[in-house]
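Enquirer: output the structure for:
(one chain, ligands or ions: 1)
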Amino acid sequence: MATALWNPTYEGLSAANLRKLQFQRFKALITRVYQSNQYYKQRLDEAKVKPSSLKSMDDIRKIPFLTKQDLRKYYPFGLVCTPLDDIVEVHASSGTTGKPVVGPYTRADLDLWAEVMARSLYANGVRKTDVVQNAYGYGFFTGAHGFERGAEWIGAMVLTIGSGNTERQIDILQDFHSTVLACTPSYSLHIAEVAEEKGLNPASDFDLRLGAFGAESWSDNIRKNIEDHWGITACEHYGLTEIIGPGIVSECSERKLHINADYFYPEIIDPNTGETLEYGNEGELVFTTLTKEAFPAVRFRTRDLAMISEGTCSCGRTLPIMSRIKGRSDDMMKVKGVIVFPSQIEAALMVVPGVSDNYQIIKKKQGDMVSLSVEVEPSEERFKDGHLEEFEKRAEAEIYRILNLHVPVQALSPKSIPRSTGKAKRVIER
Ligand SMILES: [Zn+2]
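Expert: Residues are numbered from 1 along each chain as shown. Below is the predicted model of the structure:
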């Protein structure tokens, strides 16, 4: 069933008009970065690209990629394309794997962010009448701020509680009659678990009807568990500090992830050769921010693997559709010659009867050799039933079915794996 669009003019653009708008914005962007930033000027000169010579969107292929290494090299403000005085807000990633990625915003950038987040949340079904409990971690990280901006842009009531203090989350959910929960998928499960321990039924003792979840990769099975526990519709969000934070895609009522391609131009490339692939092929996602002012990204390599398709959707949006992220190339592991993504192991585990939502993948490295094992918690009932070696064997068989690889599985007692109020740590190196 078609639902209302937040911005029908742009979310419903014809393919031809979208391409026209993208090219117009792209040419203005390249002209601007060429004139205002030394890094971009040098890279474009080296590639012999003059902004005035750009004739169509295909010319984007002549422009070199922007990588995480470039961002580190020019940390913190070397890639800014406006006077520093025009920056009014700054976010940054956690920087767990090196220098943090810095996201500076002008006033116009913040308005753009509010607009795309409003589109995303509106597509999920969030309306002015909703009460949004924002349980993402506030701080430098983009997450909480993006959801707050978008929900306020729609006119909903935002509860700026932040992550953590789970008992209080439960009180506020009840006292303020929150209808939308925004946080990481794993944290929503932890809140449900604590609510159940308090004798509450998450599906019937709360007013929640929607979840706006992101910042973590999660399988369809975990999504279903969340929906069953809470009795809600769980929606997916995707974002990157390098591009804008959350707000790159809008998940509609048909469960399609529409890319806000009038602002973020998407490409799919072969991660090994850098060659541009036609839509319909799986490869690495590359984004160009067409209108951002302070920190535009031109052909940023995300390391995320996905597929893009075009065509109409019955929701009424004409914007291109992205598949769910198959995995980050950074997360990809090679075990005895087999390519393994953590998401594949999660998908295998979740079909095992009596499994809980809590597991960890243990990665051991000896020289170039990587070996994997899995620790997983059965549910309380399954644990009490005993004969856990049967549970372990079944989990190993499911993993083998998907990966054709033997990965030992160990069942742990319930609640022995640490819970997270933010991003769950699923892969542990020992
Ligand atoms: Zn749709």
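
Enquirer: next, the buried residues of whichever strand or helix holds Leu173.
Expert: Using DSSP states H and E, Leu173 sits within helix 166-175. With burial defined by 16 or more other CB atoms under 10 Å, the residues of helix 166-175 counted as buried are Thr166, Gln169, Ile170, Ile172, Leu173. All C-beta atoms are positioned from the backbone trio N, CA, C, and that covers glycine.

Enquirer: name the nearest of the residues you listed relative to Glu389.
Expert: Thr166 (33.2 Å; CB to CB).

Enquirer: tell me the SS of the residue in the stretch 51-200 of the chain positioned nearest to the ion?
Expert: Closest residue of the stretch 51-200 of the chain to the ion, CB to the ion: Ala123 (7.5 Å). At Ala123 the chain is in helix, as set by DSSP: H, G, I helix; E, B strand; the rest coil.

Enquirer: ignoring the adjacent residues along the chain, who's closest to it?
Expert: Ser250 (3.8 Å; CB to CB, 6 or more residues apart in numbering).

Enquirer: give me every residue that touches the residue of the stretch 51-200 of the chain closest to the ion.
Expert: Thr3, Leu5, Trp6, Ser250, Glu251, Cys252, Ser253, His258, Cys315, Arg317 (CB atoms under 8 Å, 6 or more residues apart in numbering).

Enquirer: hang on, the earlier thing: parallel or antiparallel, list what pairs with the helix or strand the residue nearest to Ala123 falls within.
Expert: According to DSSP H and E, Ser250 maps onto strand 249-251. In the sheet, strand 249-251 lines up against strand 257-259 (antiparallel) (DSSP bridges).

Enquirer: quick one: Ala144 and Gly150 touch, right?
Expert: No. The pair Ala144 / Gly150 is not scored as a contact, 11.2 Å apart, by CB atoms under 8 Å.

Enquirer: so for the two, which sits in the more crowded spot?
Expert: Gly150 (29 against 24; other CB atoms under 10 Å).

Enquirer: give me the distance between the nearest residue to the more buried one once chain neighbours are set aside and Ala212.
Expert: Nearest non-adjacent residue to Gly150, counting by CB to CB, 6+ apart: Met117, 2.4 Å away. Noted for Met117: a distance of 10 Å to Ala212, by CB to CB, to the nearest Å.

Enquirer: now do the residue most central in space within the chain against Ser250, distance only.
Expert: In the chain, the centroid-proximal residue (CA atoms, centre = their mean) is Tyr238; its distance is 2.8 Å. Relative to Ser250, Tyr238 is positioned 10 Å away (criterion: CB to CB).

Enquirer: which residues are in contact with both of the two?
Expert: Common contact partners of Tyr238 and Ser250 (CB under 8 Å, 6+ apart): Leu257.

Enquirer: could I get the contacting residues of Phe23?
Expert: By CB under 8 Å, 6+ apart, the neighbours of Phe23 are Leu54, Ser56, Met57.

Enquirer: can you count the residues close to the nearest residue to the first one once chain neighbours are set aside?
Expert: Excluding the flanking residues, the one nearest Leu54 by CB to CB, 6+ apart is Lys27, at 5.2 Å. Neighbourhood size, Lys27 [other CB under 10 Å]: 18.

Enquirer: now do the SS call for Lys27.
Expert: Per three-state DSSP, Lys27 ends up helix.

Enquirer: and the pLDDT at Gly247?
Expert: Listed pLDDT for Gly247 reads 98.

Enquirer: what's the burial count for it?
Expert: Neighbour tally, Gly247, other CB under 10 Å: 30.

Enquirer: so who does the closest residue to it other than its chain neighbours touch?
Expert: In space, and not counting its chain neighbours, Gly247 is closest to Val116: 3.7 Å by CB to CB, 6+ apart. Neighbour list for Val116: Gly150, Ile244, Gly247, Ile248, Ser250, Asn260, Tyr263 [criterion: CB under 8 Å, 6+ apart].

Enquirer: repeat that with 10 Å
Expert: 6-7, 146, 149-150, 153, 239, 243-250, 260, 262-264 (CB atoms under 10 Å, 6 or more residues apart in numbering).

Enquirer: can you check Gly137 too?
Expert: Gly137 touches 94, 143-144, 162-164, 183-184, 187, 215, 421-423, counting by CB under 10 Å, 6+ apart.

Enquirer: now, these that are in helices?
Expert: Among the contacts of Gly137, the ones falling in helices (DSSP state H) are Gly143, Ala144, Tyr187.

Enquirer: save these as TSV, and put in distance to Arg32 and pLDDT too.
Expert: Shown next, in TSV, are the ones in helices among the contacts of Gly137 (distance: CB to CB, whole Å; pLDDT from 0 to 100):
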residue	distance to Arg32	pLDDT
Gly143	28	94
Ala144	30	96
Tyr187	39	96
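
Enquirer: can you put those in CSV and add distance to Arg223?
Expert: Supplementary listing: these in CSV, determined by distance: CB to CB, whole Å:
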residue, distance to Arg223
Gly143, 18
Ala144, 21
Tyr187, 14
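
Enquirer: now, which of these sits nearest Arg394?
Expert: Distances from Arg394 to the ones in helices among the contacts of Gly137, taken by CB to CB, are shortest for Tyr187, at 28.0 Å.

Enquirer: who's in contact with the residue nearest to that closest one when sequence neighbours are not counted?
Expert: Leaving out its chain neighbours, the residue that sits closest to Tyr187 by CB to CB, 6+ apart is Thr421, at 5.3 Å. If a contact means CB under 10 Å, 6+ apart, then Thr421 has 135-137, 162-166, 169, 183-184, 186-187, 190-191 as its contacts.

Enquirer: for Leu285, same thing?
Expert: For Leu285, the contact set (CB under 10 Å, 6+ apart) comprises 238, 240, 243, 248, 259, 266-269, 271, 300-308, 322-323, 325.

Enquirer: which of these are buried? Put it as a ChimeraX command.
Expert: The command below creates a ChimeraX selection of those among the contacts of Leu285 that count as buried (16+ other CB under 10 Å):
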select :238,240,243,248,259,266,267,268,269,271,300,301,302,303,304,305,306,307,308,322,325
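
Enquirer: need the residues of the stretch 151-300 of the chain near the ion, please.
Expert: Taking CB under 5 Å from the ion as the measure of proximity, the stretch 151-300 of the chain contacts the ion at Cys252, Glu254, Lys256.

Enquirer: select from those residues the one having the most neighbours.
Expert: Cys252 (26 neighbours).

Enquirer: how is Phe383 assigned, secondary-structure-wise?
Expert: Phe383 is classified as helix under three-state DSSP.

Enquirer: pLDDT averaged over stretch 109-119 - what is it?
Expert: 98.

Enquirer: tell me the buried residues in that stretch?
Expert: Buried, per 16+ other CB under 10 Å, within stretch 109-119: Asp109, Leu110, Leu112, Trp113, Ala114, Glu115, Val116, Met117, Ala118, Arg119.

Enquirer: nice, that's everything, thank you.
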